[in-house]
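Colleague: Sequence and predicted structure, then a few things I'm wondering about:
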Amino acid sequence: MPSEQILAASAKHPKPDTTFQYGTAGFRMKANLLDSVVFRVGLLASLRSRKLNGQTIGVMITASHNPPEDNGIKLVDPMGEMLEQSWESHATWLANSPDDKTVVERYHTIASELKINLENKANVIYARDTRASGSSLVASLVDALQSSGAVYTDYKLLTTPQLHYLVRCINTKGTQYEYGEVSEKGYYEKLADAFKRAIKGKTVSGAVTVDCANGVGGPKLREFLKYLPTAADGGIDIKVVNDDVLKPEALNMNCGADYVKTGQRAPPSSKASPGDRCCSLDGDADRIVYYFVNPKDNAFQLLDGDRIATLAASFLADLSRQAGLSEKLAVGVVQTAYANGASTHYITSDLKLPVVCTATGVKHLHHAATRFDIGVYFEANGHGTVLFSPKAVKQLTYAYEPQSPAQKTALDTLRALLDLINQAVGDALSDMLLVEVILAHKGWGMTEWTRTYVDLPNRLVRVEVRDRGMFKVVDAERQMEEPKNIQSQLNELVQKYKDGRSFARPSGTEDAMRVYAEAATRAEADQLATRVADLVKRFGA
Ligand code: NG1
Ligand code: ZN
């Protein structure tokens, strides 16, 4: 009886005195608190697969850009997307079961309420990043999968987007939407082939240095290089740095995308010379930011998710025009309120493309991007991708007949990008090749890319309050509805600053409020952020 097996297995994974919450990044916290959570998420993965008639569900064990002592777990739905939102509360409920008996009870309650046939097959695949705690958490996961009777495959170490890729490949196998070969090698081959087609006849200028945050992206990028042509062969020269995964304490330490984006500085280990093109991945390689030291004034210049979004949107819109498809395919961009106002202005005024703003969290952006035929979405922190609608896929792959050689060339590049860009989730390795392809096509270096618009100076402040639950936000988190009167006071502050914009929202991943402010000058942005932070502190005291 699975119930008895689950009961017995659960006893090996007692819950600590902590309340858990499946947030925008799944469950994430100190690794030593996660054993029971991982076990219970394993049970939920079995339920989710059974609910979906045995389609394969992914489980990723990672804490992304968090410090080495943290870990986390999240579920991947059949098409490689994040777990359907309505299931997040089931995850939270199961994870907070006080004892083993309740675990089994809740397992069955979820099954009966969602009409899940427990006789259905359950198929689960999983992988982890390089954290020291990963292997023991995997053992807890396996206990859950075995006791609940799931069939499972361990993909060992992978980047988060690689696991999403595999889930999508498995579930589309044998259908007209087949996504790729079900293997890590298949991932490299698909991307490398797409890259070769996309870059064809163009030259990548100079090498790109990739800081891998001392995470799983390091060994995976090194492996990937075996499939990618070097510049001498019409491809790209990639210099891999910060790829030490043998020292677990080095993960995300003074390097990686989050370090660079938050601190607006290069990793201290960087040996780049002015003008060198650099980028940083995060600990599980689903985020990327670019940067360089401007040779003109030696200033550090960050090119974040907003820059990648604008670059991709401008290129894809151009290509679809050149291919003669602009009437057929709607191109649009999805951002969050954290996008720099200058980027939003550039997209609407210069690129003349529509922009949608959603709440923070990739699932919201992803969802909104599906409403365009070519939907570019990025969080400012560098997580994002481009989605092609079924209509776009149809047009690009067979329906559309180009009318001239120029249209055919543009169409071929679009087709290559359709394969190069990870359709499941933001993928640092795929995004990096996308950026490299676009820069090569445009003949741009970092300076030209930077010139598209000037970022408004901005500041992000973390504010601790008694209970962040008392702050209720609306309008894609840009307005506070509660506490009463706080928004009107915030508006009054903002009005005093040229190009001022500010908002405050409760973090989805930390017990704190986040305040964002931007304005025409550095001093004004800082001052506005401080004032709004004080306001939030006063209301939250
Ligand atoms: P919260 O803690 O809700 O602000 C942070 C990031 C998000 C997203 C999630 C998930 C900022 C301001 N917020 O969310 O963009 O990446 O973590 O990792 O960067
Ligand atoms: Zn990440």
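Modeller: It's in. Ligands and ions are numbered 1, 2, ... in the order given.

Colleague: make it CA atoms for all contacts and neighbour counts henceforth
Modeller: OK.

Colleague: mind listing what the residue nearest to the spatial centre of the chain touches?
Modeller: Geometric centre of the chain, nearest residue: H383, 3.8 Å, by CA atoms, centre = their mean. For H383, the contact set (CA atoms under 8 Å, 6 or more residues apart in numbering) comprises D286, R287, I288, G305, V362, G426, D427, A428.

Colleague: Can you tell me which of those residues is nearest ligand 1?
Modeller: V362 (6.9 Å; CA to the nearest ligand atom).

Colleague: Now do the same for the closest one: its pLDDT.
Modeller: Per-residue pLDDT puts V362 at 92.

Colleague: Could you shift the numbering so residue one becomes 611, and keep it that way?
Modeller: New numbering, starting at 611: the last item is V972.

Colleague: got a list of what it touches?
Modeller: Counted by CA under 8 Å, 6+ apart, V972 has contacts T634, E989, H993, G994.

Colleague: Narrow these to those in strands?
Modeller: Judged by DSSP state E, the contacts of V972 include G994 as members of strands.

Colleague: Adding pLDDT and distance to L1006, write the contacts of V972 out as JSON lines.
Modeller: Listed next are the contacts of V972 as JSON lines, based on pLDDT from 0 to 100; distance: CA to CA, whole Å:
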{"residue": "T634", "pLDDT": "85", "distance to L1006": "33"}
{"residue": "E989", "pLDDT": "97", "distance to L1006": "27"}
{"residue": "H993", "pLDDT": "97", "distance to L1006": "25"}
{"residue": "G994", "pLDDT": "98", "distance to L1006": "22"}
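
Colleague: filter the contacts of V972 to the buried ones?
Modeller: Buried members of the contacts of V972, counted by 16 or more other CA atoms under 10 Å: T634, E989, H993, G994.

Colleague: Kindly provide the distance from the last one to I667.
Modeller: G994 sits at a distance of 21 Å from I667 (criterion: CA to CA, to the nearest Å).

Colleague: Find the nearest non-adjacent residue to T672, please.
Modeller: G682 (4.9 Å; CA to CA, 6 or more residues apart in numbering).

Colleague: Can you tell me the SS state at that neighbour?
Modeller: At G682 the chain is in strand, as set by DSSP: H, G, I helix; E, B strand; the rest coil.

Colleague: ok, it - contacts?
Modeller: G636, F637, R638, M639, A641, L644, I671, T672, A673.

Colleague: What residues are bridge-paired with it?
Modeller: Applying DSSP bridges to G682 gives these bridge partners: R638.

Colleague: burial count for E729?
Modeller: E729 has 9 neighbours, counted by other CA atoms under 10 Å.

Colleague: which SS class is it?
Modeller: Recorded secondary structure, E729: coil (three-state DSSP).

Colleague: ok, it - contacts?
Modeller: Applying CA under 8 Å, 6+ apart, the residues near E729 are R660.

Colleague: pLDDT at it, what is it?
Modeller: 97.

Colleague: What of Q786?
Modeller: Predicted confidence (pLDDT) for Q786: 89.

Colleague: ok, so what distance separates it from A808?
Modeller: Going from Q786 to A808 by CA to CA gives 23 Å.

Colleague: And these two? Which one has more around it.
Modeller: Between Q786 and A808, A808 has the larger neighbour count (other CA under 10 Å), namely 26 against 7.

Colleague: quick one: the helices in the stretch 911-1060 of the chain?
Modeller: For the stretch 911-1060 of the chain, the helices defined by DSSP state H, counting those that start in this stretch occupy 915-932, 951-955, 972-979, 1000-1004, 1015-1030, 1038-1052, 1056-1060.

Colleague: and D709, which of these is closest to it?
Modeller: Closest approach to D709 among these is made by helix 972-979 (31.3 Å; CA to CA).

Colleague: Going by neighbour count, list what's buried in stretch 1139-1150.
Modeller: A1139, T1140, R1141, V1142, A1143, L1145, V1146, F1149, G1150.
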